[in-house]
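J.: With the sequence up front, the predicted model follows.
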Amino acid sequence: MFDVYEIRKDFPVLEKVIYLDSGATTQTPVPVINAMNGFFYNYTANYGRGAHRLSIEATNAFEDAREIVADFLNAPPENMIMTKNATEGINMVASGLGFKEGDHIITTLAEHHSNFVPWLRQKEAGVFVSVADIDFEGFVNPNQIEQMITDRTKLIAVGHISNVFGAVQNIEKIIQIAHKNNIPVLIDGAQSAGHTPIDLKSLDCDYFAAAGHKGLLGPQGTGILYIKNPQTLQPTVLGGGTTSDADADGFKTKSSPECFEAGTPNLPGVIGLGAAVEYIQKIGISEIESHENKLARSVANRLKEIEGVDVYGPKNRAGLVSFNIEGFEPHAIAMLLDRMRNICIRSGYHCAIPGQKKFGINGSARASFALYNTEEETDIFIDAVREIVLNK
């Protein structure tokens, strides 16, 4: 049974703040911190670099975490690359696909910069980039993407959930359209992994990137990149851990996932990520999704009732709400909420300028929710917004 008050006991910081910035970084539960401390206290050693007991234990713990995350997303462990964040995973694809002059990429106006700028940069190599439009709720029309496809289209890159509008894109339809035309698809799952059930086998996307420190409740500096067919991607960083043989004439790389994980990995972070996913599984991902969406949709509806408040995004949104208050800059709203009621929200462009520019929005305030937020906290938040409006 989902019990938010029991869950909150694992997040001590919630005793002093109302934390509504989980779209940027979620708080880390105590069991995750304990798992990371276990590494430091009991078996600190390098990954795969030694035959002694501590190295073996550290390597096994790292690989156990990989298997936990892969199982959670229904993907083979050898196809699950451990990264430092979603941004790194997306850039690995951008750099590793070997785009050539004349190639074509499709992305959208709804994207976070991490799934936008790496594709625009390919223009420097003569690659054409098409950007699909969004409607006033932040949705991408899959039919528009289909119309953009050419015989030179090499990739379609789209975010699962908009971090500004909370719009859940129809990625199933987009993937279906892409594969009908033999085009691979990258899904930016930074705002969906850990917030909604994801089955990568069923979804059948070619690449899926996510951050450990958002919905997956892991520590910062962790993330994943799923590659359906690892042979389609060239490793972009080589060195320790990636090489199976080398001499003066050349080298050979290991198979996936090791060929994509150069150097010493973030062992404590990945071990923590594994513990975080186990924590989510114990609670239930569907229960988490229902709780977060209920809070966000209630807050959006109540904000809309306040005169002078603009709310962005659809009615059936995921667990975040972006808004503005007439006469206030977004950063001023965030600072006032913090000073008045110890409420922590996001403010600014949320690293997603194009979508907000589309509608003439010069940044926004954003409240984003996680499994540990309560209805009482949303009441306090709404009362604080009303107070700001009344006292302007």
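T.: Everything's here; your move. Residues are numbered from 1 along each chain as shown.
J.: distance of the residue of the chain positioned farthest from its centre from residue 259?
T.: Residue farthest from the centre of the chain, counting by C-alpha atoms, centre = their mean, is residue 248 at 41.1 Å. Distance, residue 248 to residue 259, by C-beta to C-beta, to the nearest Å: 21 Å. (Each C-beta comes from the backbone N, C-alpha and C, glycine too.)
J.: follow-up on the earlier one: next one: phi and psi at the residue farthest from the centre of the chain?
T.: Per-residue torsions, residue 248: phi -60, psi -20 (degrees, to the nearest 10).
J.: how near is it to residue 154?
T.: In terms of C-beta to C-beta, residue 248 sits 35 Å off from residue 154.
J.: Next: residue 169.
T.: Taking C-beta to C-beta as the measure, residue 169 falls 20 Å from residue 154.
J.: Looking at the two now, which is surrounded by more residues?
T.: Comparing residue 169 with residue 154 by other C-beta atoms under 10 Å, the one with more neighbours is residue 169, at 23 against 19.
J.: tell me the contacts of the residue nearest to the more buried one when sequence neighbours are not counted?
T.: Nearest residue to residue 169 in three dimensions, chain neighbours excluded: residue 140, at 5.4 Å (C-beta to C-beta, 6 or more residues apart in numbering). Listed by C-beta atoms under 8 Å, 6 or more residues apart in numbering, the contact set of residue 140 reads 108, 109, 110, 132, 133, 134, 158, 169, 170, 174.
J.: switch to 6 Å and redo it
T.: Listed by C-beta atoms under 6 Å, 6 or more residues apart in numbering, the contact partners of residue 140 are 108, 110, 132, 134, 169.
J.: ranking the residues you listed by neighbours, who comes first?
T.: residue 110 (29 neighbours).
J.: And the pLDDT for that residue?
T.: Looking at residue 110, its pLDDT is 98.
J.: is it true that it touches residue 353?
T.: No: look at residue 110 against residue 353 with C-beta atoms under 6 Å: they stay out of range, at 11.7 Å.
J.: So residue 315, which state does it fall into?
T.: Assigned with DSSP: H, G, I helix; E, B strand; the rest coil, residue 315 falls in the coil class.
J.: Quickly note the distance from it to residue 249.
T.: The value you get for residue 315 to residue 249, if C-beta to C-beta is used, is 63 Å.
J.: of the two, who's got more company?
T.: Between residue 315 and residue 249, counting by other C-beta under 10 Å, residue 315 is the more crowded of the two (9 against 5).
J.: for the residue nearest the centre of the chain, what are its contacts?
T.: Note on the chain: the residue nearest the mean C-alpha position is residue 190, at 1.0 Å, using C-alpha atoms, centre = their mean. Residue 190 sits next to 86, 210, 211, 214 when contact means C-beta under 6 Å, 6+ apart.
J.: which among these end up buried?
T.: Buried members of the contacts of residue 190, counted by 16 or more other C-beta atoms under 10 Å: 86, 210, 211, 214.
J.: where's the last one relative to residue 301, distance?
T.: Residue 214 sits at a distance of 25 Å from residue 301 (criterion: C-beta to C-beta).
J.: One more: the first one?
T.: Between residue 86 and residue 301 the distance, using C-beta to C-beta, works out to 30 Å.
J.: and if you look at the third one?
T.: Taking C-beta to C-beta as the measure, residue 211 falls 29 Å from residue 301.
J.: Thanks a lot, see you next time.
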